[in-house]
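>>> Sequence plus predicted model, see below.
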Amino acid sequence: AELVWRMGIPSETKGSLDDLRKKAREYASMRLEDVVLPPEDDMGIPSEDEDDDIEEIQSETGFGSVIVVDNLPVVPPGKHEKLVTVVRKIYGQIGTIREGGLWMPVDQATKNTKGYAFVEFCSAQEADAAMAQTDGYKLDKSHVFKVNKFDEFDKFIKVPDAYTAPAVKDYNAKANLWSWMMDERGRDQFAIRFGDDTELYWNDPARRCSEEVYRRSFWTESYVQWSPMGSMLTTVHRQGVAVWGGVGWQRLARFDHPGVQLVDFSPCEKYLITASTQEPSNPRDSATVLVKMFNVRAGQVARVFEGPLSDFVHEGVSGLPWPLFKWAGGCDDKYFARMSKNQISVYSTPDMALLDKKSVKVEGVADFNWCPTAPILSIYQPETGNQPARISLLQIPSRIELRQKNLFSVSEVKMYWQSEGEYLAVRVDKYTKTKKSTYSGFELFRVKERECPMEVLELESKTDKIVAVSWEPNGTRFAIIHGDGHRPDLTFYTMSNKQGRVGKVGTLKGKSVNALYWSPTGKNIVLAGLKSMNGQLEFFNVDEFEVLASAEHFMCTDVDWDPTGRYCVTSVSSQHQMENGFNVWSFNGKLLYKLSRDRFFQFLWRPRLPSLLSEEQEADIVKNLRTYSKKYEVQDDELAKEQNQTNQAGRQALLDEYRAWQREAHAILESQREEREALIGHIPEEEDVDMEEVDIEEIIDITEEIISM
């Protein structure tokens, strides 16, 4: 009855609630015997007098999976099929439309469409996503979709004529997601995973320990993940993911995605992306991929991407690449993009629609990245036939090409953005003339300068293999590990030498290093020899170009700086069976404390919000650091005294325990004196025993320190 009622509403009365009520009352008083059908046209309604061999179709989801799309164009019969195809294409990208689930009513008198359509999905969740994504969708200048759930029309009919003010609800304070940022001592938190347990801690280097915040067993079924700003912790489950936060770590929201495997956030935490792959029952078929995008605050699906694995996997790549969607920097979660064959699809928020309704056509595209601070795409196209390889910078949403560079005889290309988006370093591996070997060089783009000038950097030894490249955060320098063997060289470069061009800062020869970890504040860097290099560590000051400390964390697998750049953690994951756990170091390489956990496999610092201070305020703090530091020196002294008192009390307790045991042992010995005398005949007194002192030297540690002359 509701369906017939909705179809009978003329387009000119859609906006009037009074007209809706009037029309509903007319249909409510209608008698079926008064309805006269056109001759030889049963309008799809079978007669009771005829044999009914039609199979009754039962809806599995009810009307909750049906949406009504208003403000469609009114088209004649010749354009009817084309309009149906357009609507099906729009909603087929969001969810699965049931067979026969798209119905566009036609005016029987004019044979034109009525300007609206019914779309039935396979689930209510898909219908919700379709309504959220396409309500307000601009088909053209004259037709903007107005989308509602079919179930909502019953609610519209029951709206009373008299206005009744809603009851005032009691205020319920929400969890403070930033309370941890108010720690008086400015400490940072971290999460660890080992076995089936998850633990959260404060890092407390002043006390040379960590302070437990929260622990829970079986909190997640695989791993945990912080949101980019640190406000929430994500746990992964069979039914979907959950986010937690606040002082008591209460659950903030759940996001339904059965079989979820991968999780990602947009940079500003507005959207949560989940993905899963499902193997087919028939080995000949392709695996299917399901990607859901949720609005974090609303807790609703914003868009769904689904299809065979081949639609999501790049050529030459096995398995689903992650993150599948890359977010543009510096634009408040405005754009995100994904790469497919010969194109890059850029989407905008909050409508989650394809930007300008078309993808960026890029023939043979192999890789792309966003600038970290602006909506600029760096795109790599490999050589194809007679066409050279190409690096291009594309402005979004204008699609203006800012700069491009053609390259020849290219073997491989990798792109590295500086954290502030000022520079782009492109590592280019080229074939020699004989095609039997390769050599490496760099194309350096100054992105924020006028006309985006470019420089070429070549290593002193072109045949050196490049092991790693890393930009200094918020700086102009970058480091390159290059060379063959177990002791490669490490060279630092700057983009602003005395001539304002790229230049070498210095080279460290023959280092046991295969990974680079800059402090988040720049200046300091950890030179790490991980895994096969047995955890060799050097804490290096690039400003002074000197080694602050050398250390070792045997079989170290990971290095993580805290968000402030004050402390660094080295860890050994459970891929090694021994010494699982982590060590905490100061920025200058002083070991502060250790924590061991069996089957340890994940360490995550909690991200911090960006500083609210201006550059001038930060410069003033640095200038008057001695004044500000007095307050914290007093706190450090008090903590040191408290720690000493605690340690002294602990040592005194151990000493008292030992003396109590000693007195008890003497009492037992004295009680057995007569028995021992009877056995051995004579018990020597203390004065009968000769005592001799022996000095033993033992080398505990050897430290090698380079003293600058």
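Great, that's in hand.

>>> State the distance from residue 300 to residue 497.
53 Å (Cβ to Cβ, to the nearest Å). Placement of C-beta: from N, CA and C, glycine included.

>>> ditto for residue 696
56 Å.

>>> Please say which of these two ends up with more neighbours.
Legend: neighbour count by other Cβ atoms under 10 Å for residue 696 and residue 497, higher for residue 497 (13 against 4).

>>> Low-confidence bits of the stretch 51-200 of the chain, can you list those?
51-62 (pLDDT under 70).

>>> Now do the strands in it.
66-70, 97-103, 116-121, 138-140, 143-144, 146-149, 189-194, 197-204 (DSSP state E, counting those that start in this stretch).

>>> quick one: which of the ones you listed is nearest residue 543?
Proximity to residue 543 (Cβ to Cβ) singles out strand 197-204 among those, at 25.2 Å.

>>> and the following helix or strand past that closest one, how far out from the chain's middle?
Next helix or strand after strand 197-204 toward the C-terminus (DSSP states H and E): strand 209-217. Mean C-alpha position of strand 209-217 versus that of the full chain (Cα atoms, centre = their mean, to the nearest Å) differs by 23 Å.

>>> Provide the angle between the direction of strand 209-217 and the direction of strand 197-204.
Per axes from the mean of the first three to the mean of the last three Cα atoms, to 10 degrees, the angle that strand 209-217 makes with strand 197-204 is 160 degrees.

>>> Can you give me the buried ones in strand 209-217?
209-210, 213-214 (16 or more other Cβ atoms under 10 Å).

>>> Go ahead and confirm residue 246 touches residue 175.
Yes. Shown here, residue 246 and residue 175 form a contact pair, counting by Cβ atoms under 8 Å, at 2.7 Å.

>>> Which neighbours do those two have in common?
Residues touching both residue 246 and residue 175 by Cβ atoms under 8 Å, 6 or more residues apart in numbering: residue 252.

>>> which residues sit in contact with the closest residue to residue 344 other than its chain neighbours?
Nearest non-adjacent residue to residue 344, counting by Cβ to Cβ, 6 or more residues apart in numbering: residue 360, 4.6 Å away. Residue 360 makes contact with 343-346, 377, 394, 399, according to Cβ under 8 Å, 6+ apart.

>>> Is the nearest residue to residue 355 once chain neighbours are set aside within a helix or a strand, and which one?
Nearest non-adjacent residue to residue 355, counting by Cβ to Cβ, 6+ apart: residue 346, 4.4 Å away. According to DSSP H and E, residue 346 maps onto strand 343-348.

>>> Determine the next helix or strand in the C-terminal direction from that strand.
With DSSP H and E, the next secondary element past strand 343-348 is strand 353-354.

>>> Can you tell me who residue 478 pairs with across the strands?
residue 471, residue 493 (DSSP bridges).

>>> Can you give me the separation between it and residue 392?
From residue 478 across to residue 392, the span is 22 Å (Cβ to Cβ).

>>> List the contacts of the closest residue to residue 268 other than its chain neighbours.
Spatially, and ignoring its direct neighbours in sequence, residue 268 is nearest to residue 333 (4.6 Å; Cβ to Cβ, 6+ apart). Residue 333 makes contact with 266-268, 270-271, 327, 349 under the criterion Cβ under 8 Å, 6+ apart.

>>> Same list (the residues you listed) but as a markdown table, adding distance to residue 63.
As requested, the contacts of residue 333 are exported to a markdown table (distance: Cβ to Cβ, whole Å):
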| residue | distance to residue 63 |
| --- | --- |
| 266 | 33 |
| 267 | 38 |
| 268 | 36 |
| 270 | 31 |
| 271 | 29 |
| 327 | 36 |
| 349 | 29 |
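
>>> Kindly indicate which of these lies nearest residue 584.
residue 267 (27.8 Å).

>>> Quick check: residue 289 touching residue 312?
Yes. Contact criterion Cβ under 8 Å: residue 289 and residue 312 qualify, at 4.9 Å.

>>> joint contacts of these two?
Counting by Cβ under 8 Å, 6+ apart, the shared contacts of residue 289 and residue 312 are residue 320.

>>> what about residue 335, distance to residue 412?
Per Cβ to Cβ, residue 335 is found 28 Å from residue 412.

>>> Who has more neighbours out of those two?
Between residue 335 and residue 412, counting by other Cβ under 10 Å, residue 335 is the more crowded of the two (20 against 14).

>>> buried subset of the contacts of residue 360?
The neighbour count (16+ other Cβ under 10 Å) marks 344-346, 377, 394 as buried among these.

>>> out of those, what pair is the most spread apart?
By the measure Cβ to Cβ, 345 and 394 form the most distant pair in the buried ones among the contacts of residue 360, at 13.2 Å.

>>> about what we covered before: let me have the buried residues of strand 209-217 in TSV, adding distance to residue 355 and pLDDT as columns.
Shown next, in TSV, are the buried residues of strand 209-217 (distance: Cβ to Cβ, whole Å; pLDDT from 0 to 100):
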residue	distance to residue 355	pLDDT
209	51	90
210	46	93
213	42	95
214	42	96
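
>>> Between the residues you listed, which sits nearest residue 660?
residue 209 (27.8 Å).

>>> okay, which residue is most central for this structure?
Taking Cα atoms, centre = their mean, the centroid of the chain lies closest to residue 264, which sits 3.7 Å from it.

>>> any weak-confidence spans in the stretch 251-400 of the chain?
Filtered on pLDDT under 70, the stretch 251-400 of the chain yields the residue ranges 316.

>>> could you pull out the strands for it?
Counting by DSSP E, counting those that start in this stretch, the stretch 251-400 of the chain has strands at residues 262-265, 271-278, 288-295, 300-308, 326-327, 335-340, 343-348, 353-354, 360-361, 367-370, 376-381, 389-395.

>>> Can you spell out which helices and strands pack onto the fourth one?
Based on contacts counted as 3 or more Cβ pairs under 8 Å, 6 or more residues apart in numbering; DSSP states H and E, the elements that strand 300-308 packs against are helix 124-134, strand 288-295.

>>> residue contacts, residue 427?
Residues in contact with residue 427 (Cβ under 8 Å, 6+ apart) are 413-416, 440-442, 466, 469.

>>> mind listing what's buried in the helix or strand where it lies?
Assessed by DSSP H and E, residue 427 sits inside strand 423-431. Neighbour counts over strand 423-431 (16+ other Cβ under 10 Å) mark 423-430 as buried.

>>> Reformat these as CSV; add distance to residue 257 and pLDDT.
Rendered in CSV, the data for the buried residues of strand 423-431 read as follows (distance: Cβ to Cβ, whole Å; pLDDT from 0 to 100):
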residue, distance to residue 257, pLDDT
423, 38, 96
424, 35, 97
425, 37, 97
426, 36, 97
427, 37, 96
428, 40, 95
429, 39, 94
430, 44, 92
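
>>> Now for those residues: which two are most distant?
The two members of those with the most space between them (Cβ to Cβ) are 423 and 430, at 21.3 Å.
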